[in-house]
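*Asks:* Okay, predicted coordinates and the sequence, questions at the end:
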Amino acid sequence: MSVTGSQNQPPVTVEGGAAMSPEDATVMTTREYLGLAWSRLQGGETGVLPVIGGLLLVSILFQILNNRFLTAGNLVNLMLQAAVFSLLAMGEVFVLLLGEIDLSVGFVAGLSAVVLAKLADPTVGWPWWAAVLVALAVAAGIGLIQGTLITRIGLPSFVVTLGGQLFWQGVMLWALGNGGSVLIQSQVLNGLTSSNLTPLVGWVVMLVAVGFVSVLTWRRDARRRSSGLAAPPVILTVTKILGGLLGGVALILLANTDRGVRFPVVGLPWVVVLVLAVLAGWTYLLSRRRFGRYLYAIGGNAEAARRAGIRLPRIRTLAFVLCSLTAGVGGIVYASRLRSISTALDGGTLVLYAIAAAVIGGTSLFGGRGKALHGVLGGVVIAAIDNGMGLLGVSAAAKYVVTALVLIIAVTIDAIARRNRPDRR
């Protein structure tokens, strides 16, 4: 939302799109900043609050029904379960921001895993890192093909990616051949989901990561304050940094708790580090780079973005490439956890869970609003439902029903919030 200022003192744009005069922007107190945040919340900018509230509610409910849910062993296992869902959902966020959809990510992930397993097989003899690079290149190439059909020819993304789902499933089945499965024998690749950081390394990685994010947060807020833009007061910036540190400490304490049965098992799983690294990379791309600003602009109003000089076909195609690339990472994690890839992969269910996770996490189906973090949080919610109901011995049918209800509630919240926003399209 823009506000017209005087010629000598132009309006200042603040976080969330609101605007205020330079005088007001430079004297914001903690109370005023919190008031601004509250007004944005009332206007429908709920952020991650609904999914965090939902996750807390689900956790309390399952803990009451089964006291093993919040044990260290089960929570670390929950993180492993959520990894694939979160990665696929983060990929889906890129196309959902455009108001598009990609129904092929499940089998794109599967085909990437097949390429990885074939090349890393001892009979072929490729090193694991080369197999990973080729698998990811195949996934990115699929995104390029589908994105080109959608953006250059003008075909609907629903149709193209639905066709892609069937096509890549067929290619995957053909590549697996009569055996129907390929084992992954590389210890490095299998260790991605079965190996853990040592307790000391886990602390070092956490402190380095939190320190890096803290420096970026402090510099960003300080730069906004020095420029006369609305930013959290120093006390709130410090609170955010301390909150991140406490969260990191809690994660490492949880992971370093012995969760073994026959022998000690401690440490943060490597796959959690991978998911957090992808989250950091995609968050930086969407929030700090020109590509991210263009993506939000196109999702908010494609015609206005075109008139502003943004090259829509290029940005939209790149979004589909990044979606498939992230799906390729998810496929590698999937194969690592099973130590194989087979025709049993249910790509259709994976893509539905990916879309559901992104929307449950807070990404809008209408485009223009979403973050990589939404995919991670939504993936955790999906995994928590599956994990908790598994502990209760509930049938698969009930799991689908409950997940569907959570998805419908999330979409309803999104629709209501969008209707309340004054800048809705």
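*Replies:* That came in fine, so what should we check first?

*Asks:* hey, where'd the strands end up in the stretch 101-250 of the chain?
*Replies:* 181-183 (DSSP state E, counting those that start in this stretch).

*Asks:* what ranges of it fall below the confidence cut-off?
*Replies:* For the stretch 101-250 of the chain, the stretches flagged by pLDDT under 70 are 230.

*Asks:* hey, where'd the helices end up in it?
*Replies:* Listed in chain order, the helices of the stretch 101-250 of the chain (DSSP state H, counting those that start in this stretch) span 105-120, 128-148, 157-176, 187-194, 199-226, 234-255.

*Asks:* What strand or helix carries Val265?
*Replies:* Val265 is part of no helix or strand when elements are defined by DSSP states H and E.

*Asks:* That one contacts Ala255, correct?
*Replies:* No. Val265 is beyond contact range of Ala255, at 10.1 Å (criterion: C-beta atoms under 8 Å). Bear in mind the C-beta positions are built from the backbone N, C-alpha and C, glycine included.

*Asks:* the more surrounded of these two?
*Replies:* Ala255 (22 against 14; other C-beta atoms under 10 Å).

*Asks:* how near is the more buried one to Gly35?
*Replies:* 38 Å (C-beta to C-beta, to the nearest Å).

*Asks:* overlap in contacts of Val265 and Ala255?
*Replies:* Asn196 (C-beta atoms under 8 Å, 6 or more residues apart in numbering).

*Asks:* check contacts around Ala140.
*Replies:* Contact partners of Ala140, counting by C-beta under 8 Å, 6+ apart, are Val321, Ser324, Leu325, Gly328.

*Asks:* Please flag which of these sit within strands.
*Replies:* Among the contacts of Ala140, DSSP state E puts none in strands.

*Asks:* quick check, nearest of the residues you listed to Asn67?
*Replies:* The shortest gap between Asn67 and any of those belongs to Gly328, at 38.5 Å (C-beta to C-beta).

*Asks:* burial measure for Leu345, as a count.
*Replies:* 25.

*Asks:* show me the contacts for the residue nearest to it when sequence neighbours are not counted.
*Replies:* Excluding the flanking residues, the one nearest Leu345 by C-beta to C-beta, 6 or more residues apart in numbering is Gly110, at 4.5 Å. The neighbourhood of Gly110, defined by C-beta under 8 Å, 6+ apart, consists of Trp168, Gln169, Met172, Gly331, Tyr334, Ile341, Leu345, Gly347.

*Asks:* What's the per-residue pLDDT of the last one here?
*Replies:* Just to be clear, that refers to Gly347. With respect to pLDDT, Gly347 scores 88.

*Asks:* Please report which of the contacts of Ala140 has the highest neighbour count.
*Replies:* Ser324 (33 neighbours).

*Asks:* Was I right to think it contacts Gly143?
*Replies:* Yes. Using C-beta under 8 Å, Ser324 is in contact with Gly143, at 2.9 Å.

*Asks:* okay, and the common contacts of the two?
*Replies:* In contact with both Ser324 and Gly143: Val108, using C-beta under 8 Å, 6+ apart.

*Asks:* which ones are touching Val108?
*Replies:* Val108 makes contact with Ala139, Ile142, Gly143, Gly164, Trp168, Ser324, Ala327, Gly328, Gly331 under the criterion C-beta under 8 Å, 6+ apart.

*Asks:* now it: how far from Phe320?
*Replies:* 10 Å.

*Asks:* Can you point out the buried residues in stretch 299-307?
*Replies:* Gly299, Gly300, Ala302, Ala305 (16 or more other C-beta atoms under 10 Å).

*Asks:* and the residue nearest to Leu155 when sequence neighbours are not counted, how many neighbours does it have?
*Replies:* Counting by C-beta to C-beta, 6+ apart, Leu149 is the residue found nearest to Leu155 once chain neighbours are left out, at 5.2 Å. Neighbour count of Leu149, defined by other C-beta under 10 Å: 20.

*Asks:* Would you mind confirming that Leu149 makes contact with Val159?
*Replies:* No. Under the criterion of C-beta under 8 Å, Leu149 is not in contact with Val159, lying 9.3 Å apart.

*Asks:* so what sits against both of these two?
*Replies:* Residues touching both Leu149 and Val159 (C-beta under 8 Å, 6+ apart): none.

*Asks:* coming back round to it: deepest in the core, which of the helices of the stretch 101-250 of the chain is it.
*Replies:* Highest mean neighbour count of those: helix 105-120, a mean of 28 (counted as mean count of other C-beta atoms under 10 Å).

*Asks:* Extract the C-alpha trace of it and format it as PDB.
*Replies:* Extracted C-alpha coordinates of helix 105-120, given in PDB (Å, rounded to 0.1, in the frame of the first residue of the first chain):
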ATOM      1  CA  VAL A 105       7.200 -33.500  -8.200                       C
ATOM      2  CA  GLY A 106       6.600 -36.900  -6.700                       C
ATOM      3  CA  PHE A 107       7.800 -38.800  -9.700                       C
ATOM      4  CA  VAL A 108      10.500 -36.200 -10.500                       C
ATOM      5  CA  ALA A 109      11.800 -37.100  -7.100                       C
ATOM      6  CA  GLY A 110      11.500 -40.800  -7.900                       C
ATOM      7  CA  LEU A 111      13.300 -40.500 -11.300                       C
ATOM      8  CA  SER A 112      16.100 -38.500  -9.700                       C
ATOM      9  CA  ALA A 113      16.500 -41.300  -7.100                       C
ATOM     10  CA  VAL A 114      16.600 -43.900  -9.900                       C
ATOM     11  CA  VAL A 115      19.400 -42.000 -11.700                       C
ATOM     12  CA  LEU A 116      21.300 -41.600  -8.400                       C
ATOM     13  CA  ALA A 117      21.000 -45.300  -7.600                       C
ATOM     14  CA  LYS A 118      21.900 -46.500 -11.100                       C
ATOM     15  CA  LEU A 119      25.000 -44.300 -11.300                       C
ATOM     16  CA  ALA A 120      26.200 -45.000  -7.800                       C
END
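
*Asks:* Just want the angle from that helix to helix 128-148.
*Replies:* 150 degrees (axes from the mean of the first three to the mean of the last three C-alpha atoms, to 10 degrees).

*Asks:* possible to save the buried residues of stretch 299-307 as CSV with secondary structure, distance to Gly179 and pLDDT?
*Replies:* Shown next, in CSV, are these (DSSP: H, G, I helix; E, B strand; the rest coil; distance: C-beta to C-beta, whole Å; pLDDT from 0 to 100):
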residue, secondary structure, distance to Gly179, pLDDT
Gly299, helix, 43, 91
Gly300, helix, 49, 88
Ala302, helix, 46, 89
Ala305, helix, 48, 90
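
*Asks:* Nearest to Gly154, out of those: which one, please.
*Replies:* Ala302 (12.7 Å).
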